[in-house]
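Chemist: Sequence below, structure please.
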Amino acid sequence: MDVTDPKRAAALAALQELPEHGVIGLGTGSTAKLFIDEVARLVRAGRRLVGVPTSEASRAQAEALGVPLLDDVGPWEIDVTVDGADEVDAALNLIKGGGAAHTREKIVNHASRKNVIVVDPAKLSRRLGEKWHVPIEVLPFGHASTARALGAHGTPSLRTREGANVRTDAGNLIYDLNAGVIADPAALDAALHAIPGVVETGLFVARADVVIVGGLPVRRLERGAAG
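Modeler: Numbering: from 1, shown residues only. Below is the predicted model:
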């Protein structure tokens, strides 16, 4: 693995966070994809690891590579989850959802004893919102009314790709909310959850135990010791 690529370096370093055997959460996104490749290599070498994927894309990749997986029903007892992020602030709060998988990612995150986030240095910010808008999964029914309510907290934009609405694995829509620089991520997260039609937000507040930042050298940041 080319450790001069920050994403690859972070994915490789995350292997050190895994148990010798157990259940691991498999994240979604470009860096998580590299991590799943490495998990498959460990499994082929005899490591007894079982995965819980956070998206259909991650499930398909892991299955194709021979990584054993648990079903989507749960409940799970996950030792550690390794996932990516779109933005990480100085307190290790996150914005996730660039891949439209943040609802499943948050469910797996909450079921994990330890959460490890792998990113390249470009994902670091002093405060959330400096580089990324907040993805919000919403129900299709009445989504224009939901968007109007989201407008009290910023400027929402319905996510489209090639002229079609982006759909999550659950068939819902994504609005990306430009809320500006976010002074209080927890307060914004609570306010957004209070809006009918909102399924989940991409704000992950105090949900990263370790953030691994790829580069030369690789940096390992721990919640409570970040700065």
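
Chemist: Show me the domain layout of the chain.
Modeler: The chain resolves into domains spanning 6-121+205-216, 134-200 when parsed by automatic domain parsing.

Chemist: thinking residue 67 is in contact with residue 36, fair?
Modeler: Yes. At 7.0 Å, residue 67 counts as touching residue 36 under the criterion of CB atoms under 8 Å. Yep, even glycine has a C-beta here, placed from its N, CA and C like the rest.

Chemist: okay, and the common contacts of those two?
Modeler: Jointly contacting residue 67 and residue 36 under the rule CB atoms under 8 Å, 6 or more residues apart in numbering are 26, 51.

Chemist: what element comes up after the host helix or strand of residue 39 heading to the C-terminus?
Modeler: Using DSSP states H and E, the element containing residue 39 is helix 30-44. With elements assigned by DSSP H and E, the helix or strand that comes after helix 30-44 is strand 48-53.

Chemist: That following strand: how far from the chain's middle?
Modeler: When distances are taken as CA atoms, centre = their mean, to the nearest Å, strand 48-53 is centred 17 Å away from the chain's centroid.

Chemist: which of the residues in it are buried?
Modeler: Residues of strand 48-53 classed as buried: 49-53 (neighbour count, 16 or more other CB atoms under 10 Å).

Chemist: Most widely separated two among those residues?
Modeler: Farthest apart among those by CB to CB are 49 and 53. That separation is 12.8 Å.

Chemist: give the contact list for residue 153.
Modeler: 177, 179, 188, 191-192.

Chemist: any chance of the residues you listed in JSON lines, with secondary structure and pLDDT too?
Modeler: JSON lines is the format used below for these (DSSP: H, G, I helix; E, B strand; the rest coil; pLDDT from 0 to 100):
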{"residue": "177", "secondary structure": "strand", "pLDDT": "98"}
{"residue": "179", "secondary structure": "coil", "pLDDT": "98"}
{"residue": "188", "secondary structure": "helix", "pLDDT": "98"}
{"residue": "191", "secondary structure": "helix", "pLDDT": "98"}
{"residue": "192", "secondary structure": "helix", "pLDDT": "98"}
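
Chemist: If we only consider those residues, which is nearest to residue 126?
Modeler: Set against residue 126, the nearest of the contacts of residue 153 by CB to CB is residue 179 (15.5 Å).

Chemist: can you map out the helices along this structure?
Modeler: Remark: helices assigned in the chain by DSSP state H are 6-14, 30-44, 56-65, 102-110, 143-150, 185-193.

Chemist: Residue 114 against residue 18, yeah?
Modeler: No. Counting by CB under 8 Å, residue 114 stays clear of residue 18, with 9.9 Å between them.

Chemist: Report the set of residues contacting both of these two.
Modeler: By CB under 8 Å, 6+ apart, the residues touching both residue 114 and residue 18 are 79-80.

Chemist: Figure out how far the helix holding residue 39 is from the centre of its chain.
Modeler: 16 Å.

Chemist: who does that helix touch, helix- and strand-wise?
Modeler: With contacts taken as 3 or more CB pairs under 8 Å, 6 or more residues apart in numbering; DSSP states H and E, helix 30-44 sits against helix 6-14, strand 21-26, strand 48-53, helix 56-65, strand 80-83, strand 115-119.

Chemist: contact partners of the third one?
Modeler: Residues lying outside strand 48-53 but in contact with it, judged by CB under 8 Å, 6+ apart, are 18-26, 28, 36, 39, 42-43, 59, 62, 67-70, 76, 78, 81, 108, 111.
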